[in-house]
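Enquirer: Starting from these lines, generate the structure:
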Amino acid sequence: MIKLTKLSSQQRQILNGLITGASVLLCCFLMLTRLPGMELLGMAPNWFLIWIVAWSLKRKVFPSILAGLTLGMIQDGMTSTPHSGPSHVISLVLVAFVTAKLQKQRYIKEDFISVAIIVFAMVIVAQTAIAVQHFIYQFRDYENIFKDYQRISLISAILTSLWAPVLYYPLNIWWEQLKSATSD
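Expert: From the prediction side, this is the model:
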């Protein structure tokens, strides 16, 4: 194992960039994968949302929004064709903003239960943003939007919050070790 304190500041930044980038790539692969236990009624966890919550809990508002914008564009590129439906950019930017503001106000504690609850709430926020886009741009009629919104939001929130520790825990440990090595 590498001793972070023995690395220079530049080496730690490069290693952090590689690990952060690898975690985003892992989320991309997990978004496309349906393993047993990861799917309920055709829904899978929103791995990018989990990543955004984990990132935003440790960052200020602007870097969080930038990460939400980036992952939203990646998710749109992976799942949408132009003008085919709502954008994930708006929902992930909104989630990043709200999560960073929660952390800044110290309303939350960073343990698994708190993170799972935050992820659950942020899935509802994200799905609401997507439902509003469906309504505004009239991709679908109002009755179907509302009916599907309830089902999709609840299933996605349950699955995503249950899987949140799988991604949050290793990222949190890494960022804590990096922070302690930087402060030494």
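
Enquirer: which residue sits closest to T99, ignoring its sequence neighbours?
Expert: Nearest-residue entry for T99: S56, 3.7 Å, with adjacent residues in sequence omitted and distances by CB to CB, 6 or more residues apart in numbering. Where you see a C-beta, it was placed from the backbone N, CA and C, and this is true even at glycine.

Enquirer: same thing with M38?
Expert: A44 (5.6 Å).

Enquirer: dump the residue contacts of the one you found.
Expert: Shown in contact with A44 (CB atoms under 8 Å, 6 or more residues apart in numbering): M31, R34, M38, L159.

Enquirer: Next, format those as a markdown table and append pLDDT, neighbour count and secondary structure.
Expert: Putting the contacts of A44 into a markdown table (pLDDT from 0 to 100; neighbours: other CB atoms under 10 Å; DSSP: H, G, I helix; E, B strand; the rest coil) gives the following:
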| residue | pLDDT | neighbour count | secondary structure |
| --- | --- | --- | --- |
| M31 | 88 | 17 | helix |
| R34 | 83 | 11 | coil |
| M38 | 83 | 16 | coil |
| L159 | 93 | 20 | helix |
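
Enquirer: can you tell me which of those lies nearest to S8?
Expert: Relative to S8, the closest of the contacts of A44 is M31; by CB to CB it sits at 34.6 Å.

Enquirer: Could you tell me how far the closest one is located from M38?
Expert: Per CB to CB, to the nearest Å, M31 is found 11 Å from M38.

Enquirer: ok, Q133 touching I90?
Expert: Yes: in this structure, Q133 is within contact of I90 by CB atoms under 8 Å, at 6.7 Å.

Enquirer: Now the residue most central in space within the chain: phi and psi?
Expert: When CA atoms, centre = their mean is applied to the chain, the residue found nearest the centroid is L49 (2.0 Å). Dihedral pair for L49: phi -70, psi -40, per degrees, to the nearest 10.

Enquirer: how about low-confidence regions in this structure?
Expert: 1-2, 80-84, 103-110, 139, 184 (pLDDT under 70).

Enquirer: Helices of that one, start to end?
Expert: Taking DSSP state H, the helices of the chain run over residues 9-32, 47-56, 61-79, 88-104, 112-136, 142-183.

Enquirer: ok, L178 - how many residues close by?
Expert: Using other CB atoms under 10 Å, L178 is surrounded by 18 other residues.

Enquirer: For it, give me its contacts.
Expert: By CB under 8 Å, 6+ apart, the contact set of L178 is L4, R12, N16.

Enquirer: now with 10 Å?
Expert: By CB atoms under 10 Å, 6 or more residues apart in numbering, L178 lies in contact with L4, L7, R12, Q13, L15, N16, I19, K58.

Enquirer: Ignoring the adjacent residues along the chain, who's closest to the first one?
Expert: Read that as L4. Of all residues not flanking L4 in the chain, A181 sits nearest, at 3.5 Å (CB to CB, 6+ apart).
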